[in-house]
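Enquirer: got a predicted structure plus its sequence, pasted below:
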Amino acid sequence: MNEVEVAASSIGDWIITKGLSLLGAILAAVVIWVVGKWLVGVARRLVTATMTRRKVDDTLIRYTDSALDILLTIVLIMAILGWFGVETTTFAALIAAGGVAIGMAWSGLLSNFAAGVFMIVLRPFKVGDFVQVAGKMGTVEEIGLFVVTINTLDNVKTILGNGKVFGDTIQNFTANPTRRVELVAQLSHDTDVRDAIQRLQEKLKAIPNVSTDNPPEVDVLTFTLAGPVLAVRPYTHNDHYWQVYFDTNLAIRDIGGEAGYSVPEQHFQVQTMPVAPSKAS
């Protein structure tokens, strides 16, 4: 065997050896990834089950689950890189440097993340609450790392950035068990106001789910050109708000027909000015 054949044979053996070594390392990395993701899933389920058993708030459970998934996945990737001989300390420094650059470029996302942390700590609302946030009204479906998801009254899934939600006025309608319905009743000028108030109060008491602890309020709110305006304010539990709202509107309509009240309308008086005689006459 000449020198060329010996060199070729050596190169072939080196390629086979390195190839088998690389293939083994790749297979080992795949096994580590699969087993690692399974262990991450086990850890997440254990933490979630423990928090659920301790009756921790659903919002905090979801938030912790998302954060734990991201953290453990990063640790798993670092372990795989270490298996390939990559210096993880250097990689960690690169991640930190990249994090600074990304933070400067994605300051909006980071502000959403920070707002999400504050919302978890301060808890102005939780999953399932009926709220008005960032100009949107609906039921909270999820509070994530960066966004809040709500279903609006017309059943539209709406996603809002945490920064916008936390930086604006937050109204939580579920926080208090009882809520007041705000409606008005326009009367005509010739309507007996006291009779209308008495009739409305009796009607409101007969509406299902109107609170008896907080009696309905009916009184003169203001006056318009059409006549006096009554404030009609029954109280009810949050679960029955819309039923009481619509039934109260029907009650306002019914008393007008039952009592024979005239329809409210503005009255105008038109005066004609006398026409001055012309000079010709």
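Expert: Arrived safely, thanks for sending.

Enquirer: hey, let's count contacts and neighbours off CA atoms from now on
Expert: Noted.

Enquirer: helices along the stretch 1-150 of the chain, start to end?
Expert: Under the criterion DSSP state H, counting those that start in this stretch, the stretch 1-150 of the chain carries helices at the ranges 3-53, 58-83, 88-105, 107-122.

Enquirer: mean pLDDT for those helices: which is lowest?
Expert: Averaging pLDDT over each of the helices of the stretch 1-150 of the chain singles out helix 88-105 as the lowest, with a mean of 61.

Enquirer: Gly260 - how many residues pack around it?
Expert: 10 (other Cα atoms under 10 Å).

Enquirer: from Asp192, how far off is it?
Expert: Here the distance between Gly260 and Asp192 works out to 11 Å (Cα to Cα, to the nearest Å).

Enquirer: so what's Thr158 up against?
Expert: By Cα atoms under 8 Å, 6 or more residues apart in numbering, the contact list for Thr158 reads Thr149, Ile150, Asn151, Thr152.

Enquirer: hey, what's the last one bridged with?
Expert: The residues listed as beta-bridge partners of Thr152 by DSSP bridges are Gly138.

Enquirer: that one reaches Lys136, doesn't it?
Expert: Yes - the pair Thr152 / Lys136 is scored as a contact, 7.1 Å apart, by Cα atoms under 8 Å.

Enquirer: shared neighbours, these two?
Expert: In contact with both Thr152 and Lys136: no residue, using Cα under 8 Å, 6+ apart.

Enquirer: now Asp65, nearest residue through space, not along the chain?
Expert: Nearest non-adjacent residue to Asp65, counting by Cα to Cα, 6 or more residues apart in numbering: Arg44, 6.1 Å away.

Enquirer: can you check Val131 too?
Expert: Residue nearest to Val131 in three dimensions, not counting chain neighbours: Asn172, with 4.5 Å by Cα to Cα, 6+ apart.

Enquirer: all strands of the stretch 151-281 of the chain, in order?
Expert: Listed in chain order, the strands found in the stretch 151-281 of the chain under DSSP state E, counting those that start in this stretch are 157-161, 170-172, 178-180, 183-186, 217-224, 227-233, 235-237.

Enquirer: for Arg123, which of those strands is the nearest?
Expert: Shortest distance between Arg123 and the strands of the stretch 151-281 of the chain, using Cα to Cα, is found for strand 170-172: 10.8 Å.

Enquirer: can you give me how far the closest one is from the chain middle?
Expert: 10 Å (Cα atoms, centre = their mean, to the nearest Å).

Enquirer: so which elements touch that strand?
Expert: The contact analysis (3 or more Cα pairs under 8 Å, 6 or more residues apart in numbering; DSSP states H and E) places strand 170-172 against strand 130-133.

Enquirer: quick one, domains of the protein?
Expert: The chain is divided into the following domains under automatic domain parsing: 9-105, 124-172, 178-259.
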